[in-house]
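Student: predicted model and sequence follow; I will ask about them next.
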Amino acid sequence: MDKGKQIFSAIMIAVFLSTLALGAEAAVKQAVHHKKKTTKQTSSKKSATEVKSYYEGIILVDADTGKVLSEDKADTPFQPASCIKLMDALIILEQLKQGKIKLEDQITVTAEACAMGGSGVYLKEKEVFTVDELLYALMVQSANDAAVALALHVSGTRDAFVALMNQRAKELRMTNTVFGSVHGLPPDKKKNQQPDTSTARDLSILATELCKYPDIFKYTATKRRPFMDVNHTRKEGQTILETHNHLLSTLEGCDGFKTGWYRVAGYSIIATAKRNDRRVIAVVGGCKGGGDLRSIRTFRDSKAKELISYGFANLPPLKAPEPVVIPTNTPPVPVEKSKTDYVRKKINIPLSGKIAAGLIAVVIISRFAISRSRKSQIK
């Protein structure tokens, strides 16, 4: 009996130990699986945040000569978003120069203009604004409703203004640019609208052309400004225009031009700065990446700063103006010699008017005196 109990006890102990061993092995497997899963998730999150920001294309040009100072993928198409409003501004400035419109022209807001979404100045139907005021809204606030109001004033319809934008792009040889809107918002898929597309090179051509109109910097250099209609129906301070171009405050000499963004397009900027009477233009287009939006925008601005700093450090000296060449075979114009010329020739020194007149008087008096003396001697 004692021997049987011992055997039974030994079997029970063996079963108990086996159960413990199996439980421990399962626990270890579960712990290892959990660790792998956690490591995988952490690795996945880490890889997502480690995706570096990148651009679709960049270019740096000397605004005075149009010479390219640096470029990378400058002909790669991307969607510039609100940067296309620079073409709006160019057309309006050209129309002002041609006398077709005036800055003080009053524009009555239509339902079509005030219905625009995105960045805007909350235009209301039948409000009245000057062209000048709407240009500030377009360039400072990047107002889509202001873009439509100006386009309707110039061309009557948005489609007609878009056609004018594309025509002007063709004239400037912006060969990889197609405009589909007046504001740069994402295309309306229901209307089969095509997105606005351009390249860093084409946008630098546009910006260089704009530099021919110095008045543009009155608008693009403005950081903050109140916005008011003609009839002052808005309260003072109700609408304040604030720039999206942070380089105006952080980059020496920066006075333009324009930023652009929507999620699919990424971040773009056309930046310019002037130092010691020299100007450079930098375009950074289609910036995207795996980080948050703020970090991508910071990447865009940093790249633009880097390009502009490089530009000023490496600008070639401007050529001296060519000397004016006077043709040698041109026959001299005959000029009647005066007594002054006679005296100058005799004494061979440059004379002022008063000295020459005095010498002439001395010569005349001397000759008169000699003449009288001879006559007296003859008598």
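Tutor: Yep, it's here. Since the model is a prediction, treat every value here as computed from it, not as a measurement.
Student: ranges for the helices of the stretch 251-379 of the chain?
Tutor: Assigned by DSSP state H, counting those that start in this stretch, the helices in the stretch 251-379 of the chain fall at 293-313, 339-347, 353-378.
Student: out of these, name the one with the poorest average pLDDT.
Tutor: Least confident of the helices of the stretch 251-379 of the chain, judged by mean pLDDT, is helix 339-347 with a mean of 47.
Student: tell me the contacts of residue 125?
Tutor: 109-111, 114 (Cβ atoms under 8 Å, 6 or more residues apart in numbering). Heads up, the C-betas are built off the backbone N, CA and C, glycines and all.
Student: for it, what are phi and psi?
Tutor: phi -60, psi 140 (degrees, to the nearest 10).
Student: per-residue confidence for it?
Tutor: pLDDT recorded at residue 125 is 95.
Student: what kind of secondary structure is residue 135 in?
Tutor: helix (DSSP: H, G, I helix; E, B strand; the rest coil).
Student: against residue 81, how distant is the residue nearest to residue 186 when sequence neighbours are not counted?
Tutor: Computed as Cβ to Cβ, 6 or more residues apart in numbering, the closest residue to residue 186 that is not its neighbour in sequence is residue 262, at 5.4 Å. For residue 262, the distance to residue 81 (Cβ to Cβ, to the nearest Å) stands at 5 Å.
Student: between these two, what contacts are shared?
Tutor: Jointly contacting residue 262 and residue 81 under the rule Cβ under 8 Å, 6+ apart are residue 185.
Student: who has more neighbours out of those two?
Tutor: Higher neighbour count among residue 262 and residue 81: residue 81, with 28 against 15, using other Cβ atoms under 10 Å.
Student: my guess is that one contacts residue 268, does it?
Tutor: Yes: Residue 81 is within contact range of residue 268, at 6.1 Å (criterion: Cβ atoms under 8 Å).
Student: spit out the residues that contact the two alike.
Tutor: When contacts are counted by Cβ under 8 Å, 6+ apart, residue 81 and residue 268 have 260-261 as shared neighbours.
Student: for this protein, spot the helix or strand the model is least confident about on average.
Tutor: Ranked by mean pLDDT, DSSP states H and E, the weakest helix or strand in the chain is helix 339-347, scoring a mean of 47.
Student: for residue 252, the count of nearby residues, please.
Tutor: Number of residues near residue 252 (other Cβ under 10 Å) recorded here: 12.
Student: can you tell me how far the closest residue in space to residue 257 that isn't next to it in sequence is from residue 291?
Tutor: Nearest residue to residue 257, sequence neighbours excluded (Cβ to Cβ, 6+ apart): residue 270, at 4.4 Å. In this structure, residue 270 and residue 291 are 23 Å apart, going by Cβ to Cβ.
Student: which strand or helix spans the residue nearest to residue 128 when sequence neighbours are not counted?
Tutor: Closest residue in space to residue 128, ignoring its immediate chain neighbours: residue 230 at 4.4 Å, by Cβ to Cβ, 6+ apart. Secondary structure from DSSP states H and E places residue 230 outside every helix and strand.
Student: now do the contacts for residue 230.
Tutor: Under the criterion of Cβ under 8 Å, 6+ apart, the neighbours of residue 230 are 106, 128-130.
Student: contact partners for the nearest residue to residue 147 once chain neighbours are set aside?
Tutor: Once flanking residues are discounted, residue 147 sits nearest to residue 183: 4.4 Å by Cβ to Cβ, 6+ apart. For residue 183, the contact set (Cβ under 8 Å, 6+ apart) comprises 82, 84-85, 116, 118, 144, 147-148.
Student: let's verify residue 183: helix, strand, or coil?
Tutor: For residue 183, the secondary structure call by three-state DSSP comes out as coil.
Student: also the one 4 residues further on?
Tutor: In three-state terms, and counting by three-state DSSP, residue 187 is coil.
Student: what's the neighbour count on it?
Tutor: By other Cβ under 10 Å, 15 other residues sit near residue 187.
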